[in-house]
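Participant: what follows is a protein structure lacking sequence information:
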């Protein structure tokens, strides 16, 4: 059965929601060996340290996912991560210091927000406004009011938003 990149994103994020991104992404859906450019999910990463980059690596395990952009305020981290993506995929992503430039890239379908906790709301809302789907690391926000703003943006612009809560889904947590 043929899948679109939109369906790929929905399937992947739905699976991640249920069982945790890190453990499920390689198993979420068998990918086509040679995806056409129209079937590829093009992602950008905003915040390249730690979990943001770990999430990107999980997305890149799928042959129909590609990274077009990395964004971080630390030039050293940005350069290092761009080299790692190039080594993994054979293609060096564009690098940005300002997340708004990533959101302005029309080739990007979705963004991963791996910024510090207090910096999730604005990029998420602006990503929705820019027509991007979003995977954002936990915690979603620092206040209930911020959560409401983000929910409103996702609904208003019809975007898919997934929050990383892997530690709530593992069987060892359920047993505890």
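Facilitator: Right, received. Where do you want to start? Keep in mind it's a predicted model, so treat the numbers as computed, not measured.
Participant: list of residues touching stretch 87-100?
Facilitator: The contact list for stretch 87-100 (C-beta atoms under 8 Å, 6 or more residues apart in numbering) reads 44, 46, 57, 60, 66-73, 75, 78-79, 82-83, 85-86, 102, 105, 115, 123, 126. Backbone N, C-alpha and C define where each C-beta goes, glycine included.
Participant: out of the residues you listed, list just those in strands.
Facilitator: 44, 46, 66, 67, 68, 69, 70, 71 (DSSP state E).
Participant: between those, which sits nearest residue 119?
Facilitator: Using C-beta to C-beta, residue 46 comes nearest to residue 119 of the ones in strands among the contacts of stretch 87-100, at 9.0 Å.
Participant: residue contacts, the closest one?
Facilitator: Contacts of residue 46 (C-beta under 8 Å, 6+ apart): 52, 71, 72, 99, 102, 111, 112, 113, 114, 115, 123.
Participant: which strand residues bridge it?
Facilitator: residue 71, residue 113 (DSSP bridges).
Participant: give me the distance between it and residue 88.
Facilitator: Per C-beta to C-beta, to the nearest Å, residue 46 is found 19 Å from residue 88.
Participant: go on, residue 135?
Facilitator: Counting by C-beta to C-beta, the gap from residue 135 to residue 88 is 18 Å.
Participant: same check, this time on residue 131
Facilitator: As judged by C-beta to C-beta, residue 131 and residue 88 stand 27 Å apart.
Participant: most centrally placed residue in the chain?
Facilitator: residue 112 (2.6 Å; C-alpha atoms, centre = their mean).
Participant: residue 59 reaches residue 68, doesn't it?
Facilitator: No: Residue 59 is beyond contact range of residue 68, at 11.8 Å (criterion: C-beta atoms under 8 Å).
Participant: these two: which has the busier surroundings?
Facilitator: Neighbours were counted for residue 59 and for residue 68 using other C-beta atoms under 10 Å; residue 59 has more, 21 against 18.
Participant: overlap in contacts, residue 59 and residue 68.
Facilitator: residue 43.
Participant: got a list of what residue 114 touches?
Facilitator: Per C-beta under 8 Å, 6+ apart, neighbours of residue 114: 45, 46, 47, 48, 49, 50, 51, 52, 53, 55, 56, 137.
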